[in-house]
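**Q** following is a predicted model, sequence given first.
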Amino acid sequence: MTSTQSEIEVAYDISNEFFNLWLDENMHYTSASYLTGDETLEQAQIQKCKILADYAEATEDSLVLDIGCGWGSNLEYLSRDRGLKRAHGITLSTEQCNWIHAKGLDGVKAIVMDYKDYEPEEKYDALISIEMIDHLCSPAQSHKGMAIDIYREYFRKTASWVERGSCFGFQAILRNRIPRNRKDLSDLKFTADVIFPGGLNPRLEELIAAVNPYWEIEELRTQRTCYGKTTGEWLRRMCMHEETIRERWGDKLFDDYHRYLDTCVRAFDAHWSSDVQMKLRKI
């Protein structure tokens, strides 16, 4: 990946306990799917997992790989809610991998590995990846016109892990409009440089071009407002623990994450950012 392991650790290895204060109870760090708008964050996160597992056509007997598996929230859904006998995950975060192992999920295996170096011992029946592709292309590479080629190599590599006709439940954060005032631009740059160094959200048209010639897009849905609602709830929950966070991790961490989450809420509201879910089938 373009994001190095050290950059991933900046983003995700602060402290599992820190993230556990404001994410949902299963530690999903990606957009939930609010289908009615009345769901709790926990319910909406499970709905997200169901949509992607349905897109992947995952069954109890499927061997599924979660690419960029985070703290294993989707792996837990596949194991406990979906009843899968085997599910694998890869991540570049040591802390996240340790968290997964501590859960003791039956049939679940997670490893610390760059997807570029991963060579599965057997073919998978289905793939799922939730907002991992945002770490593949740096701003500098995008400015050089390399984004589509980088994403296409990702889709080529992942296609080699499954048989023809297999499905991929895919989700990504999108970048869209560019804000027009200096503060908004500064806040977005801060989020990219300080909170998630080394990565860049793709544009929807880049992904649509890059899946070819390896995958067919069978279904596509965007959920911009869902991510706005998700980040708004994260911000609300984090503020509930402001005193604890400042005491345990310092003022800078709280202030940085408050700025980041507030920027996210504004970004989704103002159409600077969005989120997409796709059902892909290997050609």
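**A** Looks like it came in fine.
**Q** quick one, what contacts the closest residue to Thr94 other than its chain neighbours?
**A** Nearest non-adjacent residue to Thr94, counting by CB to CB, 6 or more residues apart in numbering: Val112, 5.6 Å away. For glycine as for every other residue, the C-beta is placed from the backbone atoms N, C-alpha and C. Val112 is in contact with Gln5, Ile90, Thr91, Leu92, Ser93, Thr94, Cys97, counting by CB atoms under 8 Å, 6 or more residues apart in numbering.
**Q** what's the longest helix belonging to the chain packed up against?
**A** Ordering each helix of the chain by length in residues (DSSP state H) puts helix 251-269 first. Applying 3 or more CB pairs under 8 Å, 6 or more residues apart in numbering; DSSP states H and E, we find helix 251-269 packed against helix 182-190, helix 224-240, helix 242-249, strand 273-282.
**Q** buried stuff in the third one?
**A** So that's helix 242-249. Going by neighbour count (16 or more other CB atoms under 10 Å), the buried part of helix 242-249 is Ile245.
**Q** with the longest one instead?
**A** Applying a neighbour-count criterion of 16+ other CB under 10 Å, one finds Arg224, Cys226, Tyr227, Gly228, Lys229, Thr230, Thr231, Gly232, Glu233, Trp234, Leu235, Met238 buried in helix 224-240.
**Q** hmm, back to that, how far away from the center of its chain is the longest helix of the chain?
**A** The chain centre lies 18 Å from the centre of helix 251-269; the measure is CA atoms, centre = their mean, to the nearest Å.
**Q** again, but for stretch 94-104
**A** That offset, for stretch 94-104, works out to 17 Å (CA atoms, centre = their mean).
**Q** which residues touch it?
**A** By CB under 8 Å, 6+ apart, stretch 94-104 touches 9, 12-13, 15-16, 27, 69-72, 75-76, 89, 91, 108, 110-112.
**Q** what's the average pLDDT for that stretch?
**A** For stretch 94-104, the mean pLDDT works out to 92.
**Q** same question for stretch 38-58.
**A** Across stretch 38-58, the average pLDDT comes to 98.
**Q** what residues sit buried inside it?
**A** For stretch 38-58, the neighbour count (16+ other CB under 10 Å) marks 39, 41, 43-53, 55-58 as buried.
**Q** swap in stretch 248-262?
**A** Buried residues in stretch 248-262, counting neighbours by 16+ other CB under 10 Å, are found at Phe254, Tyr257, Arg259, Tyr260, Leu261.
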